[in-house]
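Trainee: I would like to see how this sequence folds:
(2 chains)
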Number of protein chains: 2
Amino acid sequence: MRIVIRGVSVIRRPEEGVIPKADVVIEGRRYAAVVEGGGASGDFDRVIEGEGRLLVPGFVNAHTHLAMTLFRGLADDLPLMRWLEEKIWPAERKLTAEDVYWFSLLGLAEMIRSGTTAFIDMYFFMEEVAQAVEEAGLRALLSYGIIAPTEDRIEPELKKAEAFARAWDGKADGRIRAALSPHAPYTCGPEVWREAVKLARELKVPIHTHLAETKEEVERFRAQHGRSPAQWLEELGVFSVPVIAAHCVHLTEKDMEILAAHAASAVHCPTSNAKLACGIAPVTEMLASGVNVALGTDGAGSAGDLDMVEEMRLAALLAKLKTWDPEALPASEALALATCRGAQALGQGRELGTIEEGRRADGVLVALDRVHMCPGHNPLGDLVYAAHGADVVGVFVDGRPLFLDGELFTLDEEKVIAECRKRARRFR
Amino acid sequence: MRIVIRGVSVIRRPEEGVIPKADVVIEGRRYAAVVEGGGASGDFDRVIEGEGRLLVPGFVNAHTHLAMTLFRGLADDLPLMRWLEEKIWPAERKLTAEDVYWFSLLGLAEMIRSGTTAFIDMYFFMEEVAQAVEEAGLRALLSYGIIAPTEDRIEPELKKAEAFARAWDGKADGRIRAALSPHAPYTCGPEVWREAVKLARELKVPIHTHLAETKEEVERFRAQHGRSPAQWLEELGVFSVPVIAAHCVHLTEKDMEILAAHAASAVHCPTSNAKLACGIAPVTEMLASGVNVALGTDGAGSAGDLDMVEEMRLAALLAKLKTWDPEALPASEALALATCRGAQALGQGRELGTIEEGRRADGVLVALDRVHMCPGHNPLGDLVYAAHGADVVGVFVDGRPLFLDGELFTLDEEKVIAECRKRARRFR
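Mentor: Numbering: from 1, shown residues only, chains lettered A, B, ... in the order given. Next up, the predicted model:
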């Protein structure tokens, strides 16, 4: 299969800015060429009109809980612990594997429509999540979230996590990768972490966890353990395997050095952290310390939606507020968080995240011909500061179109919406 | 003309939440009835399908500079003074009346598509702005922005402002109202303010100005005048007429008391204030002090776009971050800022801002049947935390449809985009 996108504006890498016009050639699952000025020759199985459109690397949503689309709007404007204890946890106890399957499909449709091509997810009933991902055609790093508040939960939880990872790592033509996910330092003891690290090393998979999301959680942890959660994890040897740490709102300089030294990735979730009043993660400081920072929405239950365009904008805006510096996290860096840095968090920084010959053909077409994108002095700035997820008009993963000109090719959206609405009633 | 919107979900007033199903009847320029459960009878000239849609009061963008759509993306990620001095002011010196007309049309198209039915604008070449508003069919409070850095500029500037107000107040079937706009306390001396107040009283129009946008500006003002800008304005008698004060990022408690005591409106512009790193306005505190707080985008040059849905979400998120309280500015209050409180800032709090019998029929239809709005536990929360401007599918002003199902009725969007792109080249 040879595809050409004709006459398209392209951002190959965020730091290079915009190539105003090019032909982009896809061969099989990979980009074959970016011909500046256009004029790519040869036979093509499919020609896609690129004029008036911007092609950017696919967005990587580096931290979410996909099936929590079920809880969108169920409990807005509440504190994290009340939100969890009074609303989310009781609702989750009613959740079935089938619910997770359908609300995963819903989240996948939402992600495709707003330009996400890969994501990192931790939840439960993960077999159903993986099945939905396989059908939808996205790329994902999936893991069962281990919560072991009591001794007797440790073994069964670890077994579940291991079974999922063994069954699904490398599946769906390699689009699905597995991780191991002790939920957080405050919900899993040292034994869970040590076992998870051992297993991660054996299976060659990363660890995806929550780190320093709220001030209270970190203070409580310090009072109990005499060190920060990041230091505690380091002492347990957790950073000897690749780590994806979601949130990282309340880190010390020392914590950032630990993450940087071990090439761990922090995942900034600005909407969720704002909505639950957790604070603003020190993104500029983390980047300056050499930490790889990726971007995520968190679950739609806390964030409201799964829109990475919005998340880029909020990341850029909050970085400026936090540092009192309007030059902080400029548009190109916000886009890097959502693309190449996300690919690095996935452990696929050399395969994904940019539009270059030989890389996997994951990409997003954004409409430039809309009123709110006019006059177009700076399409990269407009993408971050003016675009919506709804401006995404095309999405490719591994060279396969998942969405083009309003049509989703892998999912029956109407059926998914109808089924999800029906299932949602049980949770009100 | 009798219109019925059948089977629609309605938010009559933000604090009342959502009526799941109603028929909404419009007669001429006003709402005639909201029939809960549906079943409105009689003859209708037009029936609009409301199922799967949410009808909300029209959004009031209470502070913008419409024609600055020209500067969208021209100078992102810069500090306010460098942005103004190096980019915006030199560009504005090249601006013609015709440019302002075309970029006003562009901004109007963008506002209609994202649900804004009324706005408050201060700029120059205001005759052209007013002409564009008249054509587009929106409602607006318009004023010429007076900047008088030297003595000799005072009289000609005041004359321009007066001439515009006299010519346009009450025009376009009453949809256009005029204001007077000394630009800010730091750009206009006491004489300008005194004359403006005298004139405002004579013409029965409000004053629309910028107040306490940056920390530096307020500190400089205090050093020079020994009091805050708000106190200084009060001593000059400015608050004896209705005042719309944009930004209000850096107010003291005493300043808030002044605004509240005189029933002045503060306009929160969260995106612009974040993008230029000015800070987060104390919205929760202002509301608690009894200040009417409205919501605005500021110009697209600073904010990136004119999308009030996005502005509502950011207002809700930033209020939570500022107060460390996830219950701060819940969705219903954020919606109030964008609707009834905006109407109050306009001086039309009894005519606009809610969907009730006898009120002007300004309203917005939002699609509820999209993936990111599913499963729909709470359409009001979804509107604030999940919707985009692009989910707006219908807009009415004075009972007249300006936009429905993708079609703009008053503007030739393609022509406007083409003309604006051509004109924009001169400014690069």
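
Trainee: mind checking how far stretch A:218-232 is from the chain centre?
Mentor: 27 Å (Cα atoms, centre = their mean, to the nearest Å).

Trainee: For it, C-alpha coordinates in CSV please.
Mentor: The C-alpha coordinates for stretch A:218-232 follow below in CSV (Å, rounded to 0.1, in the frame of the first residue of the first chain):
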residue,chain,number,x,y,z
VAL,A,218,3.1,13.6,49.5
GLU,A,219,3.1,15.2,52.9
ARG,A,220,1.5,12.1,54.4
PHE,A,221,4.0,9.9,52.7
ARG,A,222,6.9,11.9,53.9
ALA,A,223,5.6,11.9,57.5
GLN,A,224,5.3,8.1,57.3
HIS,A,225,8.5,7.2,55.4
GLY,A,226,10.8,10.1,56.0
ARG,A,227,11.5,10.7,52.3
SER,A,228,9.7,11.7,49.2
PRO,A,229,7.8,9.0,47.2
ALA,A,230,10.4,9.4,44.3
GLN,A,231,13.3,8.9,46.7
TRP,A,232,11.5,5.9,48.2
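
Trainee: Briefly note if it comes near chain B.
Mentor: No. Legend: contact between stretch A:218-232 and chain B by Cβ under 8 Å from any Cβ of the partner chain is lacking; minimum distance shown is 13.4 Å. From N, CA and C alone the C-beta is placed, and that goes for glycine too.

Trainee: so A:A212 sits right up against A:A246, yeah?
Mentor: No. Using Cβ atoms under 8 Å, A:A212 makes no contact with A:A246, being 9.6 Å away.

Trainee: all strands of the stretch 101-250 of chain A, in order?
Mentor: Here the stretch 101-250 of chain A has its strands, by DSSP state E, counting those that start in this stretch, at A:116-123, A:139-146, A:176-178, A:181-182, A:207-211, A:243-247.

Trainee: Looking at those strands, which is nearest to B:V25?
Mentor: Across the strands of the stretch 101-250 of chain A, B:V25 has its closest neighbour in strand A:116-123 (42.1 Å, Cβ to Cβ).

Trainee: in its sheet, what does the closest one sit against?
Mentor: Partner strands for strand A:116-123, per DSSP bridges, with pairing direction: strand A:59-64 (parallel), strand A:139-146 (parallel).

Trainee: Quick one: closest of these to B:E333.
Mentor: Closest to B:E333 of the strands paired with strand A:116-123, according to Cβ to Cβ: strand A:59-64, at 27.6 Å.

Trainee: what's near enough to touch A:V384?
Mentor: Residues counted as contacts of A:V384 (Cβ atoms under 8 Å, 6 or more residues apart in numbering or on different chains) are A:309, A:312-313, A:316, A:331, A:334-335, B:76, B:304.

Trainee: what does A:I244 give?
Mentor: Counted by Cβ under 8 Å, 6+ apart, A:I244 has contacts A:62-63, A:120, A:141, A:179, A:206-209, A:264-265, A:267, A:294, A:345.

Trainee: Can I get those residues in CSV including neighbour count and pLDDT?
Mentor: Putting the contacts of A:I244 into CSV (neighbours: other Cβ atoms under 10 Å in any protein chain shown; pLDDT from 0 to 100) gives the following:
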residue, neighbour count, pLDDT
A:A62, 34, 98
A:H63, 29, 98
A:I120, 28, 98
A:L141, 24, 98
A:A179, 30, 98
A:P206, 24, 98
A:I207, 24, 98
A:H208, 28, 98
A:T209, 29, 98
A:A264, 25, 98
A:S265, 28, 98
A:V267, 30, 98
A:A294, 29, 99
A:A345, 33, 98
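
Trainee: With adjacent residues omitted, what lies nearest to the residue of the stretch 201-350 of chain A found nearest chain B?
Mentor: For the stretch 201-350 of chain A, the residue closest to chain B is A:G304, as judged by Cβ to the nearest Cβ, at 3.0 Å. Excluding the flanking residues, the one nearest A:G304 by Cβ to Cβ, 6 or more residues apart in numbering or on different chains is B:Y385, at 3.0 Å.

Trainee: now the closest residue to A:E413 other than its chain neighbours: how far from A:A132?
Mentor: Using Cβ to Cβ, 6+ apart and skipping the chain neighbours, the partner closest in space to A:E413 is A:A109 (5.3 Å). Look at A:A109 and A:A132: by Cβ to Cβ, to the nearest Å, they are 10 Å apart.

Trainee: pLDDT wise, what is A:F164 at?
Mentor: In this model, A:F164 is scored at 98, pLDDT.

Trainee: ok, it to A:L199 distance?
Mentor: 11 Å.

Trainee: before we move on, back to that, would TSV of the contacts of A:I244 with distance to A:A148 be doable?
Mentor: As requested, the contacts of A:I244 are arranged in TSV below (distance: Cβ to Cβ, whole Å):
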residue	distance to A:A148
A:A62	24
A:H63	21
A:I120	21
A:L141	22
A:A179	17
A:P206	20
A:I207	15
A:H208	16
A:T209	13
A:A264	22
A:S265	24
A:V267	22
A:A294	26
A:A345	25
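
Trainee: quick one: which of the residues you listed is nearest to A:E413?
Mentor: Nearest to A:E413 out of the contacts of A:I244 is A:I120 (Cβ to Cβ; 23.7 Å).

Trainee: State the distance from that closest one to B:R72.
Mentor: 33 Å.

Trainee: So A:A109 and A:A132 - more neighbours on which side?
Mentor: Remark: of A:A109 and A:A132, A:A109 carries more neighbours, 28 against 25, as counted by other Cβ atoms under 10 Å in any protein chain shown.

Trainee: residues in contact with the more buried one?
Mentor: Taking Cβ under 8 Å, 6+ apart, we find A:A109 in contact with A:136, A:408, A:411, A:413, A:416, B:371.

Trainee: So which of those wins on neighbours?
Mentor: When neighbours are counted by other Cβ under 10 Å, B:V371 leads the contacts of A:A109 with 25 neighbours.

Trainee: Give me the pLDDT for it.
Mentor: Reading off the model, B:V371 has pLDDT 97.

Trainee: Now it, what are its backbone angles?
Mentor: phi -50, psi -40 (degrees, to the nearest 10).

Trainee: right, and it touches A:S114 too?
Mentor: No. B:V371 is beyond contact range of A:S114, at 9.2 Å (criterion: Cβ under 8 Å).

Trainee: For chain A, name the helix or strand with the lowest mean pLDDT.
Mentor: One helix or strand of chain A scores below all others by mean pLDDT, DSSP states H and E: helix A:80-82, with a mean of 80.

Trainee: mind exporting the next helix or strand along the chain from that one as CSV, just the C-alpha atoms?
Mentor: Using DSSP states H and E, the helix or strand that follows helix A:80-82 in sequence is helix A:89-93. Written as CSV, here are the backbone C-alpha positions of helix A:89-93 (Å, rounded to 0.1, in the frame of the first residue of the first chain):
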residue,chain,number,x,y,z
TRP,A,89,-15.0,3.8,43.8
PRO,A,90,-18.7,2.9,44.5
ALA,A,91,-19.4,3.2,40.8
GLU,A,92,-16.4,1.1,39.9
ARG,A,93,-17.6,-1.7,42.2
